[in-house]
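**Q** dropping the sequence and predicted coords here.
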Amino acid sequence: MSDEALKSALKDFKRSAEITRDVRFQANLRLAGRQRGSSYIVSLLSLYVIALSLIPNILKLEQSQNQILLACSVVLSVFVIFTSLLDGSQNFYHQGELLHQCARKIATINYELKNIDVEGSVDNARVRLEELQKNYQSALDECPINHDNVDFYREIVHKPHLFPREYPWSWQFPHKTWYRFKTFLFVNSWWFGHLLAGAVITYIVYRYVFLGAALITAGASS
């Protein structure tokens, strides 16, 4: 391997190691946030179910309105059960820890890459590069899971100089905006269904329970 070929291989490997390190650190943070977010969602939905069950003790309702509250409670309970089962089966915290450990190993490799002296012995530098490449592949093989594309998109946004092909224009703002949008969509899409269910149930309870109870109270008083 010539001196120029060695420098090119070292540069490419540094880039790959840096990207993989950052992406897997990002994946750890994302999965930890997902675990916390799921706990908050389950807690809020559970409180919502409790609040719905207390409404008949506060307002005078008809049988149909009680049935509406029961149906709403069942729907919310399904979301609570589904989210809890998904968190238990996926174990996001454990996945994040595995990716974090892998990222730390790759960070060590990336640091050692910077200490390779390509200006000295070419043979020694080549042997050291091959050794670090084996360590890099071993670190990837030891991690049973992989990061998601959304973690890669975050890296594209944060370090555009590592992705010249993703930024064909000199003006980077449109590309960054597009990748930020994709990142937000993929990271937060899991709770969109919960938000929609909560909004629809809130409307139904307000429209058919609270307003209906108000009409009943007004009719009784008149």
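**A** That came through fine.
**Q** against which helices or strands is the longest helix belonging to the chain packed?
**A** Ranked by residue count under DSSP state H, the longest helix found in the chain is helix 3-58. With contacts defined as 3 or more C-beta pairs under 8 Å, 6 or more residues apart in numbering; DSSP states H and E, the packing partners of helix 3-58 are helix 63-90, helix 92-113, helix 122-142, helix 149-158, helix 192-204. All C-beta atoms are positioned from the backbone trio N, CA, C, and that covers glycine.
**Q** switch to 10 Å and redo it
**A** helix 63-90, helix 92-113, helix 122-142, helix 149-158, helix 173-188, helix 192-204, helix 211-221 (3 or more C-beta pairs under 10 Å, 6 or more residues apart in numbering; DSSP states H and E).
**Q** need these in CSV with mean pLDDT, mean neighbour count and distance to Arg21, can you?
**A** Converted to CSV, the helices and strands packed on helix 3-58 look like this (pLDDT from 0 to 100; neighbours: other C-beta atoms under 10 Å; distance: least, C-beta to C-beta, whole Å):
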stretch, mean pLDDT, mean neighbour count, distance to Arg21
helix 63-90, 90, 15, 24
helix 92-113, 94, 18, 4
helix 122-142, 91, 14, 10
helix 149-158, 92, 19, 10
helix 173-188, 92, 14, 18
helix 192-204, 93, 14, 31
helix 211-221, 66, 11, 56
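**Q** for Thr202, what are its contacts?
**A** Shown in contact with Thr202 (C-beta atoms under 10 Å, 6 or more residues apart in numbering): 48, 72.
**Q** please report how far it lies from Ala214.
**A** From Thr202 over to Ala214 the distance is 16 Å, taken as C-beta to C-beta, to the nearest Å.
**Q** could you do Leu140 as well?
**A** 63 Å.
**Q** same question for Asn57.
**A** For Asn57 relative to Ala214 (C-beta to C-beta), the value is 17 Å.
**Q** do the same with Ser39
**A** For Ser39 relative to Ala214 (C-beta to C-beta), the value is 36 Å.
**Q** kindly report the same for Val205.
**A** Applying C-beta to C-beta to Val205 and Ala214 gives a distance of 13 Å.
**Q** ok so, going back, for Ala17, find the nearest of the helices and strands packed on helix 3-58.
**A** helix 92-113 (4.2 Å; C-beta to C-beta).
**Q** helices or strands up against that closest one?
**A** Packed next to helix 92-113, using 3+ C-beta pairs under 10 Å, 6+ apart, are helix 3-58, helix 122-142.
**Q** tell me the most buried of those helices?
**A** Of all these, helix 3-58 has the most neighbours on average by mean count of other C-beta atoms under 10 Å, namely a mean of 16.
**Q** for the record, mean pLDDT for it?
**A** Throughout helix 3-58, pLDDT has a mean value of 92.
**Q** got the angle for that helix vs helix 92-113?
**A** 160 degrees (axes from the mean of the first three to the mean of the last three C-alpha atoms, to 10 degrees).
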